[in-house]
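**Q** need the 3D shape of this:
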Amino acid sequence: MQEVAEQLEAVQRRTLHIVYSYSRFTPYITTLALVGIPTLKARHLDSTKWFFRKVNQPDNYLHHFLPPCRDPAVTSHFRKPTVYPGRNLRTKRYCSTISYGLLNF
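**A** Coordinates of the predicted model:
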């Protein structure tokens, strides 16, 4: 997945270079700011946050797939309280799951 994101970012970088002539000697991040578009990673993160905010609303049709929420009386004693219970997994593949999104967004 990371390779695909890097390839797409390279395409965006090349397109900015072709469309905007000043981007040849300007750093990529500066060119993005001048044009007014975020990086691919930032757009992906924003859309992921938006998705999980929508799913967390009780009237959403996907809301019934979520695990039950933790009791606020219990989570108030935690250092890092989360609404949903987490799992201890050690793989990078876990970062693309619903559980990861619920804990981080």
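**Q** secondary structure class of L16, three-state.
**A** helix (DSSP: H, G, I helix; E, B strand; the rest coil).
**Q** what average pLDDT does stretch 13-23 get?
**A** Stretch 13-23 comes out with an average pLDDT of 79.
**Q** for stretch 63-73, same thing?
**A** 76.
**Q** which strand or helix spans E6?
**A** helix 2-19 (DSSP states H and E).
**Q** and the next helix or strand after that helix with helix 2-19, angle?
**A** As assigned by DSSP H and E, the chain's next helix or strand after helix 2-19 is helix 28-35. Counting by axes from the mean of the first three to the mean of the last three C-alpha atoms, to 10 degrees, helix 28-35 lies at 60 degrees to helix 2-19.
**Q** flag every buried residue along helix 28-35.
**A** Within helix 28-35, the residues scored as buried using 16 or more other C-beta atoms under 10 Å are 31-32. Where C-beta positions appear, they are placed from N, C-alpha and C, glycine not excepted.
**Q** output it as CSV, nothing but the C-alphas.
**A** Provided in CSV are the C-alpha atoms of helix 28-35 (Å, rounded to 0.1, in the frame of the first residue of the first chain):
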residue,chain,number,x,y,z
TYR,A,28,7.4,20.3,-3.5
ILE,A,29,5.8,21.3,-0.1
THR,A,30,6.1,25.0,-1.0
THR,A,31,4.5,24.4,-4.4
LEU,A,32,1.6,22.6,-2.8
ALA,A,33,1.1,25.5,-0.5
LEU,A,34,1.2,28.0,-3.3
VAL,A,35,-1.2,26.0,-5.4
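**Q** next helix or strand past that helix?
**A** Sequence order places helix 40-55 as the next helix or strand after helix 28-35, per DSSP H and E.
**Q** can you tell me, leaving aside adjacent residues, what's nearest to T26?
**A** Nearest residue to T26, sequence neighbours excluded (C-beta to C-beta, 6 or more residues apart in numbering): L34, at 7.4 Å.
**Q** surely the one you found meets Y28?
**A** No: L34 is not in contact with Y28 according to C-beta atoms under 8 Å; the separation is 10.8 Å.
**Q** distance of the residue of the chain most remote from its centre from T31?
**A** If you look at how far each residue of the chain sits from its centre, by C-alpha atoms, centre = their mean, the farthest one is S21, at 30.8 Å. S21 sits at a distance of 11 Å from T31 (criterion: C-beta to C-beta, to the nearest Å).
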